Structures are given as structure tokens and as C-alpha cells.
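Engineer: show me how the following folds:
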Amino acid sequence: MSLMKLIPSTLAILAASTVVASARDQLQIAGSSTVLPYATIVAEAFGENTEFKTPVVEGGGSGAGRKKLCEGVGEATIDIANSSSSIKQSDIDTCAANGVAEIMEVRIGYDGVVFASDINGPDFVLTPADLFGALAAETVKDGAVVKNAAKTWADVNPALPAQDILTFIPGTKHGTREVFDTKVLEDGCKAAGAYDVFLAASTGADDDAKKKDAVAKCMTVRTDGASVDIDGDYTETLSRIAANKNAVGVFGLSFYENNTDKLKVATMDGIMPSVETIAKGEYPVSRPLFFYVKKAHIGVIPGLKEFIQFFVSDEMAGPGGKLADYGLVPDPELAATQAAVEAETPMGPLN
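Structural biologist: Predicted coordinates for the structure are as follows:
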């Protein structure tokens, strides 16, 4: 798909920008494998349509990207961290300790987390409770906490295929894993009634400690081979499924939509994942996508503010924009994001 032609007004704004001299004249970006394809599309268009060099965009995972962002200030450190999960207080504390005082949070849109298997395999009609029952290290049977002994999907739910449970899930450094943990495992645990049993069995010192312990049990996955962490990006998960035809993998919606010739997607709570069902709030496993900007680099690293403006422009991130063609669900509050970028507004304290 060819890159879109930008409207003259956007180009005029970019051409009028002043380039500040610097030893490094190319933006450095790292982080989320989910945001990676969007950032790459924007970077290529930015390099082709402006006077600035094409930014260097790398993956590595959301947590790893935020860690790099917080290593310090200066041309030896990155400018932007892509992230498929919100920044944490621990990230902000690390940034502050290393002199990164102000961070801009830029929300670019929304994406879904989907479950897909080999194109020629059986259909999967899943719920969060099914996935918890298949992947949790411990489940509940007859009111008691027991080690998960399910071998096939049909052991969890007779309506599911009678094939061995083998699931490739994002490793803990990925932002997608945080969404998977909360919106699939924790929600599934509660739907299955296991959370209440875990809570009652907890020996925590107080109610907060007991709740934390129960949630941790909900999110603890099996280590017997049924659940396999993938530290690489979605292409690694895809290759694993190609070699293990009975496996189910976790992907971002946009990656799945670019590989429908190889993958068959599962429904979740009876809803087929799509841009439309996510935009309407119907598909239950979705999340906002962000990037985080080191404000101290604006005006020092050439093209940084211009790139941010370009990324969240209507032509890129808006409805009918370039990124929507590749599966990004536009943010209904994009105008507010554009205004915050223009004003270089740093993020406030976390609630």
C-alpha cells in the first residue's frame, strides 16, 4: 500500500520549522512491538515528506522502551518510547532519578488483543473464563484450589476443540502482557469464581494484601508447557504457530489483519474482533496505544516536535487516515491530543 499524499497545509507547517543544530540529526525511537508498525509507517512518511531524516524505530517491548527513555537526557539516549500500556510510577521515578524531569504522554489510538490459530485449524469461541481455566497455574474445583490439570481445551469447556492446550503469550516485558493479565486472566478468574476462593484462602495481613495475593494467583500461568512466553515480537509468535499447528497465539489486531491468510481469529465473549467492534466498545480485550516523549529533547534533537505533530495529524492518526488503513482504531479525542502536543504539555502525576 503506497504512502498517502499529505495535504499542503501539513507540509507547509513542517517546512516552516526551524532545525536546531545537533550532533545527532536522526530521531531514536524504541519500545512496543504493537506500536512498532504504526511508528514505522509514520517515520517513513515523515522522512519522505519533510526535510528531516527518517527516524530510527526499534522494538524491544513497552517496558524496555520506557526503561531506555529513562536512562537520561542527551543525544546518547532515545527521544521516544512506544508503549502499548500506560507508563508506571516506577518508570517515572527512574526517569526523575536520571534527570528526565518532564515526559509527554501521547495517545495515538486503540488496538485489540486477539487470539488466533492456524488458518486450517478449528474455530475457537472463547471467553476470558475459558482462557483462565486453560492457562492459570491453579484453578478451583469443587470449591478448593487445585493445580491446573487440563490437557485439552475440551477439558476446560466441552464446547471447545479437543486438542492439546498450547498457547503462545507475550513475555512479561511486553505491554500486551499487562492487558492480557488484567483483561483476560484476572477478568476470567473473577468470572469463573476463582478469585473469591483465592481471596478467602489468602493469608495476607489485611484486606489489601489479600486482594493483591488473589489477583497474583489469577495472573500466575502454568509452567508445564501449556503456556509459553514469547519475548520476541508477533512475527515470532506467528512462526511458532506455523511450526505448531495446534497452538493458539496472542496478537495485536493490526498484526492479525495483515496475516489473515495464515491465521484464524477467535471470538471473545461472542464478539469478533475488528476496528468497528473495538471502536464501539463491544470487543472486551482492547487497549489504548501511546508513545512517551522526552520533553528536554524538543528543540535540541531536530525534527522531534515536528514528528510528534506529524504522527497525531488527521492525515495519519485520524479517521480515514493512513494508520486506520493498517488497523489502528482512531482516538475520538484526537483533537485534544493534538492540542496537548502543540502546547508541549507534560504529563501530570499519576492518580
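Engineer: drop to CA atoms for contacts and neighbour counts, all remaining ones
Structural biologist: Fine.
Engineer: give me the phi and psi for residue 227.
Structural biologist: Main-chain dihedrals, residue 227, degrees, to the nearest 10: phi -120, psi 120.
Engineer: an error on my part: the question was meant for residue 73.
Structural biologist: Given degrees, to the nearest 10, the pair of backbone angles that residue 73 has is phi -110, psi 140.
Engineer: can you report how many residues neighbour it?
Structural biologist: Applying other Cα atoms under 10 Å, we find 19 residues neighbouring residue 73.
Engineer: gap between it and residue 290?
Structural biologist: With distances taken as Cα to Cα, to the nearest Å, residue 73 is found 20 Å from residue 290.
Engineer: then residue 323?
Structural biologist: As judged by Cα to Cα, residue 323 and residue 290 stand 14 Å apart.
Engineer: and those two? Which one has more around it.
Structural biologist: residue 323 (25 against 22).
Engineer: look up how far residue 68 lies from the more buried one.
Structural biologist: From residue 323 over to residue 68 the distance is 25 Å, taken as Cα to Cα.
Engineer: likewise for residue 226?
Structural biologist: 32 Å.
Engineer: which residues are in contact with the residue nearest to the spatial centre of the chain?
Structural biologist: The geometric centre of the chain, computed from its C-alpha atoms, lies nearest to residue 84 (Cα atoms, centre = their mean), at 2.9 Å. Residue 84 is in contact with 32, 34-35, 62, 174-176, 287-290, counting by Cα atoms under 8 Å, 6 or more residues apart in numbering.
Engineer: just the ones of these in strands?
Structural biologist: Among the contacts of residue 84, the members found in strands (DSSP state E) are 287-290.
Engineer: which of those residues has the most neighbours?
Structural biologist: residue 289 (24 neighbours).
Engineer: I figured that residue was touching residue 109, is that so?
Structural biologist: Yes - checked against Cα atoms under 8 Å, the pair residue 289 and residue 109 is within contact range at 5.6 Å.
Engineer: and the longest strand for this protein?
Structural biologist: Longest strand of the chain, by residue count under DSSP E: strand 103-118.
Engineer: the residue nearest to residue 242 when sequence neighbours are not counted: how many residues sit nearby?
Structural biologist: Leaving aside its sequence neighbours, residue 242 sits nearest to residue 118 (Cα to Cα, 6 or more residues apart in numbering; 7.1 Å). Taking other Cα under 10 Å as the neighbour definition, residue 118 ends up with a count of 23.
Engineer: about what we covered before: please name every helix or strand in contact with the longest strand of the chain.
Structural biologist: helix 175-180, helix 234-243, strand 248-252, helix 253-257, strand 263-265, helix 275-279, strand 286-294, helix 334-342 (3 or more Cα pairs under 8 Å, 6 or more residues apart in numbering; DSSP states H and E).
Engineer: so it versus helix 334-342, what angle?
Structural biologist: Inter-element angle recorded for strand 103-118 and helix 334-342: 130 degrees (by axes from the mean of the first three to the mean of the last three Cα atoms, to 10 degrees).
Engineer: can you give me the mean pLDDT across stretch 170-180?
Structural biologist: Stretch 170-180 carries an average pLDDT of 89.
Engineer: an error on my part: the question was meant for stretch 227-236.
Structural biologist: Averaging pLDDT along stretch 227-236 yields 94.
Engineer: can you check stretch 103-121 too?
Structural biologist: Per-residue confidence for stretch 103-121 averages out to 96 on the pLDDT scale.
Engineer: could you do stretch 71-86 as well?
Structural biologist: Model confidence over stretch 71-86, given as mean pLDDT, is 96.
Engineer: for that stretch, how far is the first residue from the last?
Structural biologist: Across stretch 71-86, the straight-line distance between its terminal residues is 18 Å, by Cα to Cα.
Engineer: can you pull the buried residues of it?
Structural biologist: Buried positions in stretch 71-86, judged by neighbour count with 16 or more other Cα atoms under 10 Å: 71-73, 75, 77-86.
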